[in-house]
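# Sequence and computational prediction follow.
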Amino acid sequence: MTEARPRSAFAHASEAELARILDFYEVAWEYEPYTFPILYDRDGAVLESFSPDFYLPEMDLFVEITTLKQRLVRKKNRKLRRLRDLYPDLRIKLLYARDFRALLLKYGRISLADALSGAEGQATPPRRDPAPAESGPGAPTAAPVAPRRAAGGEPSRAPSARSRRSRRTRAQARARSEATSGVARLTELNA
Amino acid sequence: MNGTPDLVADVAEVLLSEDQIQAKVAELGARISADYAGRELTLVSVLKGSLPFMADLMRAITIPVQIDLMEVSSYGGTATESSGLVRILKDLSSSIDGRDVVIVEDIIDTGLTLNYLVRYLRGKNPSSLRICTLLDKPARRLVEIAIDYLGFEIPDQFVIGYGLDYGERYRNLRFVGVLRPEVYTSPE
């Protein structure tokens, strides 16, 4: 379902596995298509942003998957709380390591759990997150990452990997839209 | 699991007793009988897990009813590596065009299989399509699906029995139980 692309298109092997599961059941997905600003400085510049791993357009649902250690999960939970505060209409589901293990268990692939979890499953080096403003001493001091065209609390959209079903759905919607606008133009001409 | 496995010994906790299950099945059967009185109802069971539930439910329904069976490949099965797509392993035997259909499921967790099935069956033009499941594990849901007839909502634990399996075992238990974690975490 997905286009042939290097495994490193996903930051983590667990994400690639989830994409394969969604593909198997023909659920359309897009990989990190939106970036949401979640922290600003006093001048309104974005200090921190969050890109949920998957967007399932047919369900209007974001899915974030984490198989990392509890320390990192706490950080992710904080980001998610912030995201939900700022975007209350957003539907997002967080899959923890135990959820991912349960998924693999369900599909008889529990033996893969360790290889697809935590640092073992990282396809690329961990992405450096900007230091949140409220972080205390000793926190990472990476420079804030500029979000993709994020401004004024609006999420930004970036080109993203997506399932074949997602591309097909979008193409059909575009065709319907073009057909509708064509009818509208004909109606105007006939009027 | 060496030698002859003791199925019951692998159960950490009985979640739903045989009596609880049978009482619920009778209740669901009565509801479905009332809702579909005078209509053309087909029950579609999804193999293999829902087989015991289907067998009991159809006998708890008091109106004329047709049954049909479907089986779809599961992710991680032998079909996964070859095609990467879900496959219909056993399709309907009869047309459901214009009929009222109730899908009979043993358990809904992620909702992925059922979501696929609902799309597939809608394409066969039933007059209506509803969902009946004995068990619902909402903590695992990825795809939201409206359940019309629900037996029990269960916690986020790995359950076996009454059709549900682990490695094709435990389906023949008459109750629903929680499998001991050491059964699936210890090497064979």
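Sure, I can see it. These numbers were taken from a predicted model, which means no experiment stands behind them.
# Low-confidence ranges, chain B, go.
Low-confidence segments of chain B, defined by pLDDT under 70: B:1-5, B:77-83, B:186-188.
# At which residues are the strands of it located?
B:11-16, B:41-46, B:65-72, B:88-90, B:100-108, B:128-136, B:149-153, B:159-160, B:176-179 (DSSP state E).
# could I get the ones you listed as a markdown table with distance to chain A and mean neighbour count?
No exception for glycine: its C-beta is placed from N, CA and C like everyone else's. Listed next are these as a markdown table, based on distance: least, Cβ to the nearest Cβ, whole Å; neighbours: other Cβ atoms under 10 Å in any protein chain shown:
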| stretch | distance to chain A | mean neighbour count |
| --- | --- | --- |
| strand B:11-16 | 15 | 16 |
| strand B:41-46 | 14 | 22 |
| strand B:65-72 | 9 | 18 |
| strand B:88-90 | 12 | 13 |
| strand B:100-108 | 10 | 24 |
| strand B:128-136 | 13 | 21 |
| strand B:149-153 | 17 | 18 |
| strand B:159-160 | 11 | 24 |
| strand B:176-179 | 10 | 23 |
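# quick one: which of those strands is nearest residue A:62?
When those are ranked by distance to residue A:62, counting by Cβ to Cβ, first place goes to strand B:100-108 at 21.2 Å.
# and that closest one, which strands flank it?
According to DSSP bridges, strand B:100-108 forms sheet pairs with strand B:41-46 (parallel), strand B:128-136 (parallel).
# The longest one vs strand B:149-153, what angle?
The reference is to strand B:128-136. Compare the direction of strand B:128-136 with that of strand B:149-153 by axes from the mean of the first three to the mean of the last three Cα atoms, to 10 degrees and you get 20 degrees.
# Contacts for strand B:128-136 next, please.
Residues lying outside strand B:128-136 but in contact with it, judged by Cβ atoms under 8 Å, 6 or more residues apart in numbering or on different chains, are B:21, B:24-25, B:28, B:32, B:50, B:53, B:57, B:100-108, B:114, B:118, B:121-122, B:145-154, B:159, B:162, B:164, B:176.
# repeat for the shortest one
For strand B:41-46, the external contacting residues (Cβ under 8 Å, 6+ apart) are B:32, B:51, B:53-54, B:57-58, B:61, B:63-72, B:92, B:94, B:96, B:99-106, B:113-114, B:117, B:121, B:126.
# let's see it at 6 Å
With contacts defined as Cβ atoms under 6 Å, 6 or more residues apart in numbering or on different chains, strand B:41-46 is touched by B:54, B:58, B:65-70, B:96, B:99-105.
# now, among these, which is nearest to residue A:64?
Using Cβ to Cβ, the contacts of strand B:41-46 come closest to residue A:64 at residue B:105, 27.4 Å.
# mind listing what that closest one touches?
With contacts defined as Cβ under 6 Å, 6+ apart, residue B:105 is in contact with B:46, B:50, B:133.
# Can you name the residues bridging to the closest residue to it other than its chain neighbours?
With Cβ to Cβ, 6 or more residues apart in numbering or on different chains as the measure, residue B:133 is the residue that lies nearest to residue B:105, at 4.1 Å, once sequence neighbours are left out. Beta-bridge partners for residue B:133, by DSSP bridges, are residue B:105, residue B:150.
# mind checking pLDDT for the residue lying closest to residue B:85 once chain neighbours are set aside?
With Cβ to Cβ, 6+ apart as the criterion, residue B:85 has its nearest non-adjacent residue at 6.1 Å, and that residue is residue A:24. According to the predicted model, the pLDDT of residue A:24 comes to 92.
# Pick out the residue in chain A sitting closest to chain B.
Closest approach of chain A to chain B (Cβ to the nearest Cβ) occurs at residue A:107, with a separation of 3.4 Å.
# Name all residues that make contact with the closest residue to that residue other than its chain neighbours.
In space, and not counting its chain neighbours, residue A:107 is closest to residue B:76: 3.4 Å by Cβ to Cβ, 6+ apart. Residues near residue B:76 by Cβ under 6 Å, 6+ apart: A:107, A:108, A:109.
# Ramachandran angles for the first one?
The phi and psi torsions at residue A:107 (degrees, to the nearest 10) take the values phi -100, psi 20.
# Can I get the strands of chain B in TSV including distance to residue A:34?
Below are the strands of chain B laid out as TSV (distance: least, Cβ to Cβ, whole Å):
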stretch	distance to residue A:34
strand B:11-16	39
strand B:41-46	35
strand B:65-72	32
strand B:88-90	34
strand B:100-108	28
strand B:128-136	30
strand B:149-153	32
strand B:159-160	36
strand B:176-179	38
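# Out of those, which gets nearest to residue A:63?
Where the strands of chain B are weighed against each other on Cβ to Cβ, the nearest is strand B:100-108, at 17.7 Å.
# and the closest one, how far out from the chain's middle?
Using Cα atoms, centre = their mean, to the nearest Å, we find the averaged C-alpha position of strand B:100-108 to lie 7 Å away from the chain's own average C-alpha position.
# likewise stretch B:86-98?
The chain centroid and the centroid of stretch B:86-98 are separated by 16 Å under Cα atoms, centre = their mean.
# how about that stretch as PDB, C-alpha atoms only?
Extracted C-alpha coordinates of stretch B:86-98, given in PDB (Å, rounded to 0.1, in the frame of the first residue of the first chain):
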ATOM      1  CA  VAL B  86      -6.200  -8.500   4.300                       C
ATOM      2  CA  ARG B  87      -7.800 -11.400   2.300                       C
ATOM      3  CA  ILE B  88     -11.200 -12.900   2.400                       C
ATOM      4  CA  LEU B  89     -10.400 -16.600   3.200                       C
ATOM      5  CA  LYS B  90     -14.100 -17.500   3.200                       C
ATOM      6  CA  ASP B  91     -16.700 -15.400   1.600                       C
ATOM      7  CA  LEU B  92     -20.500 -15.400   2.100                       C
ATOM      8  CA  SER B  93     -22.300 -18.400   0.700                       C
ATOM      9  CA  SER B  94     -25.500 -16.400   0.000                       C
ATOM     10  CA  SER B  95     -26.400 -12.900  -1.200                       C
ATOM     11  CA  ILE B  96     -27.300 -10.400   1.400                       C
ATOM     12  CA  ASP B  97     -28.600  -7.900  -1.100                       C
ATOM     13  CA  GLY B  98     -31.700  -6.300   0.400                       C
END
